[in-house]
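Trainee: give me the fold of what follows.
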Amino acid sequence: MSIKPESSKTPVVGRFAPSPTGPLHLGSLVAAVGSYLLAKRSGGRWLMRMEDLDQPRVVPGMADDILRTLELLGLHWDGEVVWQSRREPYYQAALDRLAARGIVYPCGCSRAEIARLASAPHGDSELPYPGRCRSGLGAGKLPRAFRVRVPDETLTFSDGIIGAQCQNLATSCGDFVVKRADGPFAYHLAVVVDDELMGVTQVVRGADLLTSTPRQIYLQRLLGFSQPSYSHLPLVAGPGGGKLSKRDNAVSIAQGVDLTQAGGRLVTAALRFLGQELPADLYAAPPVEILAWGREHFDPARISVSGGPLTMHVNDGGTV
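Mentor: Numbers count the residues shown, from 1 in each chain. Prediction:
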């Protein structure tokens, strides 16, 4: 199957790509609002992709809940929703192109073996793959995954919010997985193919994905794809500055949040978290009015590099 863009590229095409493994939460709300307004402020399009490729982790009904929640918050996307689970032939076509060039090879290493082979401790961060199977599978080994070869050189790009970024793929992650032998295609390959096919020119997402970007840029270059601009938004932190709990910070209708009452305040809180100062008379306005203001006045220069907590009352029952 050939890989060709599904539509011509407009000056700005942004996207939001939630995973239906849980409800929309404060962190994903900030990413949705930020990506929406950074696309719409220049008259661009905002596309929707449901990243449901890892089917065992998908929660039934959650995709519909996410989409309905976004609609109630005034975040209306352009065109049809793209579902990753229906696009595997495109990912296979990309993998075949890489394999034909000898860039992809089978790997029989388990995570435990990689951890033992690692030359230095990395704490909780990803262990760089030491290249054990680069020259072929060992005796008695069966493929567990397919990896793409990476060069020992520094890849640089400019993030629209954080600025200049540099990463050596060989030392930071090593040859990385693009497909599990008996499972789904890896996120990095799928997202690169999807962004190209959807004509995405602007990727706006949370800073937790910043270190993944060099791998995706590398794949774009190997496949001859266009490179979108990247902007990584500050992360919403939980109490005490820790990682935000998705379960305890849901803003979805399935979790009992009354968006007819709280929707405007949620969008306002997301905008203020992103450094935007709204007129006081908009604080209690409906989401559509707040977003209309945002399309005219959103200023990415006001977005802070550092994250923090975002706490507000959404109903009489508590806070998110």
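Trainee: which residues in the protein form strands?
Mentor: 13-16, 45-50, 82-83, 104-107, 145-148, 154-159, 163-168, 176-180, 202-206, 229-233, 236-237, 308-309, 313-315, 318-319 (DSSP state E).
Trainee: single out the most deeply packed of these.
Mentor: Neighbour counts (mean count of other C-beta atoms under 10 Å) averaged over each of these peak at strand 13-16, with a mean of 25. The C-beta positions use only the backbone N, C-alpha and C, and glycine is treated the same way.
Trainee: need the pLDDT of L117.
Mentor: On pLDDT, L117 comes in at 69.
Trainee: let me fix that, I meant to ask about R265.
Mentor: As predicted, R265 sits at a pLDDT of 92.
Trainee: please look at it and A284 and confirm they touch.
Mentor: Yes - R265 is within contact range of A284, at 7.5 Å (criterion: C-beta atoms under 8 Å).
Trainee: compare neighbour counts for those two and give me the winner.
Mentor: R265 (18 against 11; other C-beta atoms under 10 Å).
Trainee: can you tell me the closest non-neighbouring residue to the spatially most central residue of the chain?
Mentor: Among the residues of the chain, the one closest to the centroid is R205, at 5.5 Å (C-alpha atoms, centre = their mean). Distance criterion C-beta to C-beta, 6 or more residues apart in numbering; nearest residue to R205, sequence neighbours excluded, is A31 at 5.5 Å.
Trainee: in stretch 82-90, what's buried?
Mentor: Using 16 or more other C-beta atoms under 10 Å as the burial criterion, the residues of stretch 82-90 that qualify are 82, 84, 87, 90.
Trainee: can you show me the CA trace of it as PDB?
Mentor: Coordinates of each C-alpha in stretch 82-90 appear next as PDB, following Å, rounded to 0.1, in the frame of the first residue of the first chain:
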ATOM      1  CA  VAL A  82      -9.200   9.200  12.400                       C
ATOM      2  CA  TRP A  83      -8.900   5.800  14.200                       C
ATOM      3  CA  GLN A  84      -5.400   4.300  14.500                       C
ATOM      4  CA  SER A  85      -6.900   0.800  14.900                       C
ATOM      5  CA  ARG A  86      -8.100   1.000  11.300                       C
ATOM      6  CA  ARG A  87      -4.800   2.100   9.700                       C
ATOM      7  CA  GLU A  88      -2.400  -0.800  10.200                       C
ATOM      8  CA  PRO A  89      -1.900  -1.300   6.500                       C
ATOM      9  CA  TYR A  90      -0.300   2.100   6.300                       C
END
